[in-house]
Every structure is written in structure tokens, then in C-alpha cells.
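Asks: I would like the atomic coordinates for the input below:
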Amino acid sequence: MNGPVPNRVTGADKTALLDLIAVGVDAGWTASRVCAVLELERRRAWRWQRLQDAGASLDDGAPGGNPVHGLLDWEEAEILGLFEQWADVDRSHRKLAHRGSYEDRVWVSPSTVDRVLARNGLVLAGETRAGRSVKTPWPDWCEWRPNQLWCWDASQFEACTASKYAYGIIDLVSRKWVTVTLTGEPTSVAARVLFLKALEAEGLLTDELRHRLSDADAEPPTDDSVPLLLAISDNGTEMKAGDTRRFMALCSIAQHFGRRSTPTDQAWIETLWGHIKREHPHLMSITDPAVLATELERIRVHYNSVRLHEGIGYVTPDDEHCGRGDQIRAARTAGLQQADQQRRTWHRQHRP
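Replies: Numbers count the residues shown, from 1 in each chain. Below you'll find the predicted structure:
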């Protein structure tokens with residue numbers, strides 16, 4: 001040891017320093033003079049001497065004390081269990097924290113999950129959050145509710161040459177992946193099939209609308225009624241085609257086009273396809289259209305009913321779409337408060 005005595009030293013070092021002080025005192029020095037030579041505060045030496053005389057250990061205790069809201073052993077075990085089970089689905093510590101309360105297993109904050117994983121040498125895959133852009137405003141008649149704002153676009157799966165274009169629709173409010181369809185060419189027919197399938201799935205394809213669409217000479221509604229919903233897309237040829245515009249008008253669906261060369265204006269559908277391809281890379285190697293369609297539908301169900309979505313408060317899109325999101329988020333808040341109180345009670349009753 002060279003220079004001043006550090007703030008934290010081992011019990012063996014403290015014993016050696018006390019022995020040096022004793023040797024100096026036996027030689028006729030004062031304890032204060034010996035401490036000055038050793039560059040040790042006199043009060044520290046007194047404190048160590050009292051502990052040694054009482055037969056107590058001179059080793060320092062673990063730093064951090066014993067907080068009354070500290071994590072319990074079973075909670076840490078549940079966090080590790082969540083990592084083992086859900087790390088490939090929930091790729092961030094924030095999602096894992098919400099997954100714990102979603103499954104009624106453990107109520108902890110995201111930072112707690114992050115610390116537990118780091119302490120155990122566990123690392124999540126993680127994702128880079130997409131940047132945000134200034135978006136053009138929606139029409140005044142739009143309401144922020146499910147089935148009011150739909151964003152749609154296609155993505156390509158090159159290995160499936162027979163039907164490499166996959167069209168999808170996502171609900172902006174609930175983030176529900178409404179439907180998906182495959183086609184060999186990006187045409188207005190594909191857009192028509194996609195929206196008919198989506199309207200049918202959401203119960204919006206009324207008998208009146210069916211009759212109107214079945215009439216080749218039918219005219220779009222001419223009254224000033226509020227459109228059924230707003231369809232957001234980029235400026236693709238099939239989006240702006242005359243047949244697509246006429247079909248949308250017959251369905252009373254208004255169209256909203258993003259700015260050219262600005263994919264963030266329809267970031268919801270772009271993000272959806274990005275997640276699907278990154279989390280399920282095997283889709284890019286499928287060559288059979290029937291197999292690809294089956295896999296996309298299976299993943300769509302998983303995306304809507306199992307995968308927690310960060311953008312809607314870590315609930316599933318189905319939860320948000322059906323109105324259960326607020327209840328689940330409130331239950332998590334209450335669960336976190338209850339878990340904190342239980343930890344405080346336990347630590348107060350088991351003080352060391």
C-alpha cells in the first residue's frame with residue numbers, strides 16, 4: 001500500500017494497519033503520530049480498533065444498504081424466467097417488464113428488468129427505433145378510434161416468384177394487422193381484393209355496400225356524409241389508379257397519400273413489414289405461394305394476439321382493437337403499486 005489509505009480496504013489490511021499502530025505505540029510514539037505517518041485518519045483507526053476489540057469482522061458490508069423496496073428473490077427468478085420464455089418475442093427490457101404484468105407473474109419497472117438481466121449477463125437482441133417525421137394532418141372528420149384510419153402498402157418476398165407481392169393493412173389506432181393477401185402483380189385488382197377482405201373481416205361490408213359493388217353501373221355516393229374510414233398510402237401506381245379511386249369511392253373510403261420519397265408518412269405499414277421480415281426471416285426463402293400465404297396468416301394472428309406492441313402501451317393489437325387496452329394498462333399500474341408495497345412490507349418485517 002502506497003500513499004493515503006483508500007476509502008475502502010479489506011479486513012486484512014485494516015488488521016495490518018492496527019498492528020503497525022500498536023508497534024509504534026509500544027516504541028513510544030503516540031497513536032496520532034503513527035496515523036499521520038501512515039496517512040490514516042485517526043477516527044478510522046479508533047473505529048476499527050473498537051470493532052476488533054468487540055470481536056466483530058473488519059470487512060466492509062455490501063454497498064447499497066438494504067432498501068425496503070428492494071427486489072425479492074422470487075421476483076428476480078420470474079424476470080429470468082420471462083427472459084428464457086419471451087426473449088425471442090419481446091426484444092427489449094421494456095416489453096419484458098410489461099410482459100410480466102400482462103401474464104400476472106411479476107410487476108417490476110423496465111429499469112429493474114434491465115439491471116437484473118445485466119447482473120446475470122443476459123442480453124436482448126434489441127431493435128433500433130425508427131425516426132419520426134412531420135406528417136400531414138388528417139381530415140377534420142377523422143376520429144381517433146379503431147377502424148377509422150387504415151394504412152396499406154405492399155412488400156416483396158422475392159423467392160416466391162409466382163406471388164411475390166404481399167399487401168397488408170394496419171389500423172393506426174390499435175396497430176392491428178387487419179388482413180394480408182398475395183398477388184403476382186401490383187394492380188388495382190389486388191387493392192380491391194385486399195380491401196374487400198379487410199371490410200369483411202371487420203364487419204364493415206354491409207348488404208348495401210355489397211349490392212353497390214356488385215352493380216357495374218353503380219355511382220359513388222354523392223351526399224355529404226362522413227366517409228367510412230381514411231385509407232393512407234404512398235403514391236404507388238395501384239394506389240392512384242382510376243379503378244382503385246372508383247372502388248374506394250364506392251366503398252365510401254377516403255384516400256390520403258403521403259409525400260413522395262417520404263416513407264415515414266406511412267411509417268405504420270413500413271414498420272409492420274420491417275418487423276415481420278426481421279423477426280421471421282424464413283419468409284424470405286419460401287417459394288410456394290400457398291405456404292407463404294399460410295405462414296403470413298399464422299404470423300398475423302401471432303402479431304395481433306400474442307406479441308406486445310410498444311406503440312400502444314405494451315398490449316396486443318387485439319386488446320387495443322377490442323377496447324381491453326385501458327384496463328390492462330390500469331391493471332399494470334395498480335400491480336406495480338401493490339408489488340412495491342408488498343416489497344416494503346416484507347423488508348420491514350425481515351430487517352437484518
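
Asks: Give me the residues contacting the lengthiest helix in the chain.
Replies: Secondary structure of the chain per DSSP state H: the longest helix is helix 325-349. With contact meaning C-beta atoms under 8 Å, 6 or more residues apart in numbering, helix 325-349 is reached by 66-72, 75, 98, 101-102, 104, 106-109, 174, 312-315, 319. All C-beta spots, glycine's among them, are computed from the backbone N, C-alpha and C.

Asks: let's see 7 Å
Replies: By C-beta atoms under 7 Å, 6 or more residues apart in numbering, the residues outside helix 325-349 that reach it are 66, 68-70, 72, 98, 101-102, 107, 312-313, 315, 319.

Asks: ok, now how distant is K176 from E297?
Replies: 14 Å (C-beta to C-beta, to the nearest Å).

Asks: who has more neighbours, these two?
Replies: Relative neighbour count places K176 above the other of K176 and E297, with 28 against 13, counting by other C-beta atoms under 10 Å.

Asks: Run through the stretch 1-150 of the chain and note the low-pLDDT ranges.
Replies: Where the stretch 1-150 of the chain drops to pLDDT under 70, the residues are 1-2, 62-64, 127-135.

Asks: And the strands in it?
Replies: Assigned strands in the stretch 1-150 of the chain, in chain order: 149-156 (criterion: DSSP state E, counting those that start in this stretch).

Asks: Could I get the full set of helices for it?
Replies: Using DSSP state H, counting those that start in this stretch, the helices of the stretch 1-150 of the chain run over 11-26, 31-38, 42-53, 73-86, 93-102, 110-119.

Asks: Throw the ones you listed into JSON lines and include mean neighbour count and distance to A241, thanks.
Replies: Converted to JSON lines, these look like this (neighbours: other C-beta atoms under 10 Å; distance: least, C-beta to C-beta, whole Å):
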{"stretch": "helix 11-26", "mean neighbour count": "15", "distance to A241": "81"}
{"stretch": "helix 31-38", "mean neighbour count": "15", "distance to A241": "88"}
{"stretch": "helix 42-53", "mean neighbour count": "14", "distance to A241": "83"}
{"stretch": "helix 73-86", "mean neighbour count": "16", "distance to A241": "43"}
{"stretch": "helix 93-102", "mean neighbour count": "23", "distance to A241": "39"}
{"stretch": "helix 110-119", "mean neighbour count": "17", "distance to A241": "45"}
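
Asks: T187: which of those helices is closest?
Replies: helix 93-102 (37.9 Å; C-beta to C-beta).

Asks: so what does that closest one touch, helix or strand wise?
Replies: Packing contacts for helix 93-102, counted by 3 or more C-beta pairs under 7 Å, 6 or more residues apart in numbering; DSSP states H and E, involve helix 73-86, helix 110-119, helix 325-349.

Asks: by how many degrees do that helix and helix 110-119 diverge?
Replies: 110 degrees (axes from the mean of the first three to the mean of the last three C-alpha atoms, to 10 degrees).

Asks: and helix 93-102, how far from the chain's centre?
Replies: The chain centre lies 8 Å from the centre of helix 93-102; the measure is C-alpha atoms, centre = their mean, to the nearest Å.
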